[in-house]
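Engineer: sequence and computational prediction follow.
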Amino acid sequence: MSLTYAASLGLQGLQRHPRTMVLAVLTLALGLSSSMTMITLLAMLSADPLPGLSQRLHLAWVDSRQAQRSGVREGSGARPPALWKLADVQAMARLRPQVRQVALVSTPMTMGSMDGKRNEQLSAVLALGPMTSMFGVPLLRGRSWTVQEEQDRMPVIVLGRRASLRLLGTEDGVGQDVLIGQTPFRVIGISDSWGPRPRAHYLQAGDNSQMWGDGRGEEAFLPAAAALDAGLAPMGARVCDDTRPDGLRFDAVDLHACRWLMLWAELDSSESVEDYQQALLAYARDRHAAGTFERLPHAELHGMADWLKINRVVPSSVRLNLWMALALLGLCILNVAGLLTARLLRRTGEMGVRRVLGASRRSVVVQCLVEAGAASLLGGLLALPLTWFALWVVRMQDRGYTDMAQLQPALYLALLGLSLLVGLLVGSIPAWRASRLEPALQVKSL
């Protein structure tokens, strides 16, 4: 019963010296909201773009570029695009048939209905290999293309649900046709929304323009060979040789002279990673020895997390702002600690009287901890609307990723826990000092 009374006294203590209490609550709320805003943004930016899959996906690359030409300057320290020629990815597929491999390009394309009444501009993935299953594209209806259909260059397509609704008037367009160029493609599957952010499946070092996409994601998936037969020219990143005058033409890709595909391999163990790494290097050496690769043999294999780190998916400005926010939080905690400690120590005479009247040391400690903890908890609650406002301000800035700044309930619960912990730590010092006072001496000094 005495502990309950002590807790009620701690809550009543919040009403004393209201200006000091309001200042403490506002200070803590400001520090918590600034830190929470940056932690939320950092958590969103560093989240796994393909949960459950990215640990097995590895980006492969061999240096097939031409030797540096005189008069042509290459960026100092710049990483070349991790792109392959079509013939090289087909050769790697033949060399390692036991490994699931996907070569792909993400490109904008125009698709129309068969009656010509509707046309849509959307983002599509052209792929060689089992792209939809390897990258976890969620199929709602139908299926993906088979190996035989890909080899026979069959014009088939997996269409996004929203694209199917816009083009075909129904979300279930399986069995219907869409027009790409002059070629009808049969819809064999309908996918749900799929658009990793960042766009890890087609992310190029140094190219930040399309890193985060537009939020719509990829809305069509089709075999690359069939798409090329239909005259679709991939408009993604590409690097072409200059040995032929038509190596790069407007809206056209020279299949023999351009690198435009990214190659991913699904590797489940460290042994398979090492084996595939050696296969890449051996392929580069063979091609260099044959005179096809002009530069010295060089091969790289990166896991998904490593590739995102190389591309600096999390901007350095976000990390800097996080450190500044944490420094502000530390400063706010020190100020709140000083305010609450001063408030509690000013009432040592009152606590001494309580001790003379029979209150235990435990009840004095409870009173101090409840008052400090309740003040800090109020600061945490006030930080919620401040964090919402700060995240709204972040979303107003168009930087490609700022629209992802959404408050996460789990992080806010952590914020409340942090605020309560701050209160208990702050209240522990005056609570310990008050509990050690000799009641008779304290009363005598009144």
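Structural biologist: Here it is on my side, so go on. Keep in mind that what you see is a predicted model, and the values were worked out from it rather than measured.
Engineer: pLDDT (mean, whole number) over the helix or strand that contains Ser419?
Structural biologist: Under the criterion of DSSP states H and E, Ser419 resides in helix 409-435. In this model, helix 409-435 carries a mean pLDDT of 76.
Engineer: all strands of the stretch 151-300 of the chain, in order?
Structural biologist: Under the criterion DSSP state E, counting those that start in this stretch, strands of the stretch 151-300 of the chain are mapped to 156-160, 177-180, 183-191, 220-223, 239-240, 248-249, 252-253, 258-259, 262-266, 299-303.
Engineer: can you redo the ones you listed as a markdown table with mean neighbour count?
Structural biologist: Any C-beta I mention is one placed from the backbone N, CA and C, and that applies to glycine too. Compiled in a markdown table, the strands of the stretch 151-300 of the chain are given as follows (neighbours: other Cβ atoms under 10 Å):
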| stretch | mean neighbour count |
| --- | --- |
| strand 156-160 | 27 |
| strand 177-180 | 20 |
| strand 183-191 | 20 |
| strand 220-223 | 26 |
| strand 239-240 | 18 |
| strand 248-249 | 14 |
| strand 252-253 | 17 |
| strand 258-259 | 21 |
| strand 262-266 | 23 |
| strand 299-303 | 18 |
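Engineer: okay, those strands in TSV with mean pLDDT and distance to Val314 next?
Structural biologist: TSV is the format used below for the strands of the stretch 151-300 of the chain (pLDDT from 0 to 100; distance: least, Cβ to Cβ, whole Å):
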stretch	mean pLDDT	distance to Val314
strand 156-160	96	28
strand 177-180	94	37
strand 183-191	96	28
strand 220-223	96	28
strand 239-240	82	27
strand 248-249	46	33
strand 252-253	51	33
strand 258-259	88	28
strand 262-266	96	21
strand 299-303	95	17
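Engineer: now those as TSV including distance to Pro315?
Structural biologist: Output for these, formatted as TSV (distance: least, Cβ to Cβ, whole Å):
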stretch	distance to Pro315
strand 156-160	29
strand 177-180	36
strand 183-191	30
strand 220-223	30
strand 239-240	26
strand 248-249	32
strand 252-253	32
strand 258-259	28
strand 262-266	23
strand 299-303	20
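Engineer: and these: which comes nearest Ser123?
Structural biologist: When the strands of the stretch 151-300 of the chain are compared by Cβ to Cβ, strand 220-223 sits nearest Ser123, at 7.7 Å.
Engineer: the closest one packs against which elements?
Structural biologist: Secondary structure elements in contact with strand 220-223, counted by 3 or more Cβ pairs under 8 Å, 6 or more residues apart in numbering; DSSP states H and E, are strand 119-128, strand 156-160.
Engineer: let's go with 6 Å and repeat that
Structural biologist: strand 156-160 (3 or more Cβ pairs under 6 Å, 6 or more residues apart in numbering; DSSP states H and E).
Engineer: what lines up beside the strand it packs on in the sheet?
Structural biologist: strand 183-191 (parallel), strand 220-223 (antiparallel) (DSSP bridges).
Engineer: what residues does that strand touch?
Structural biologist: Strand 156-160 has contacts (Cβ atoms under 6 Å, 6 or more residues apart in numbering) with 144-145, 149, 185-189, 191, 219-222.
Engineer: can we see that at 7 Å?
Structural biologist: 132, 144-145, 149, 173, 178, 185-191, 193, 219-223, 226 (Cβ atoms under 7 Å, 6 or more residues apart in numbering).
Engineer: got the CA positions of it in PDB?
Structural biologist: Only the C-alpha atoms of strand 156-160 are listed here, as PDB (Å, rounded to 0.1, in the frame of the first residue of the first chain):
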ATOM      1  CA  VAL A 156       4.900 -14.900 -74.100                       C
ATOM      2  CA  ILE A 157       4.700 -12.500 -71.300                       C
ATOM      3  CA  VAL A 158       3.900 -12.300 -67.500                       C
ATOM      4  CA  LEU A 159       1.900  -9.100 -67.000                       C
ATOM      5  CA  GLY A 160       1.500  -7.100 -63.900                       C
END
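Engineer: and stretch 140-159, how far apart are its ends?
Structural biologist: With Cα to Cα, to the nearest Å as the measure, stretch 140-159 spans 10 Å from end to end.
Engineer: chain center to the helix holding Ser419: distance?
Structural biologist: In terms of Cα atoms, centre = their mean, to the nearest Å, the centre of helix 409-435 is set 31 Å apart from its chain centre.
Engineer: from the contact counts, what lies against it?
Structural biologist: Secondary-structure packing of helix 409-435 (3 or more Cβ pairs under 7 Å, 6 or more residues apart in numbering; DSSP states H and E): helix 18-45, helix 316-345, helix 361-395.
Engineer: nearest approach to Met92 belongs to which of the strands of the stretch 151-300 of the chain?
Structural biologist: Met92 sits nearest to strand 262-266 of all those, at 6.6 Å, using Cβ to Cβ.
Engineer: from memory Thr40 sits against Leu411, does it?
Structural biologist: Yes. Here Thr40 lies in contact with Leu411, judged by Cβ atoms under 7 Å, at a distance of 5.7 Å.
Engineer: who has more neighbours, those two?
Structural biologist: Thr40 (22 against 14; other Cβ atoms under 10 Å).
Engineer: what about the more buried one, distance to Gly217?
Structural biologist: Thr40 is 22 Å from Gly217, where distance means Cβ to Cβ, to the nearest Å.
Engineer: same question, Pro155
Structural biologist: For Pro155, the distance to Gly217 equals 23 Å [Cβ to Cβ].
Engineer: cool, Arg56 as well?
Structural biologist: Separation of Arg56 from Gly217 (Cβ to Cβ): 21 Å.
Engineer: Ile429 against Gly338, yeah?
Structural biologist: No. Using Cβ under 7 Å, Ile429 makes no contact with Gly338, being 10.5 Å away.
Engineer: between those two, who's got more neighbours?
Structural biologist: Ile429 (16 against 12).
Engineer: so where is the stretch 1-150 of the chain shaky, pLDDT-wise?
Structural biologist: 1-17, 69-78 (pLDDT under 70).
Engineer: repeat that with 50
Structural biologist: Where the stretch 1-150 of the chain drops to pLDDT under 50, the residues are 1.
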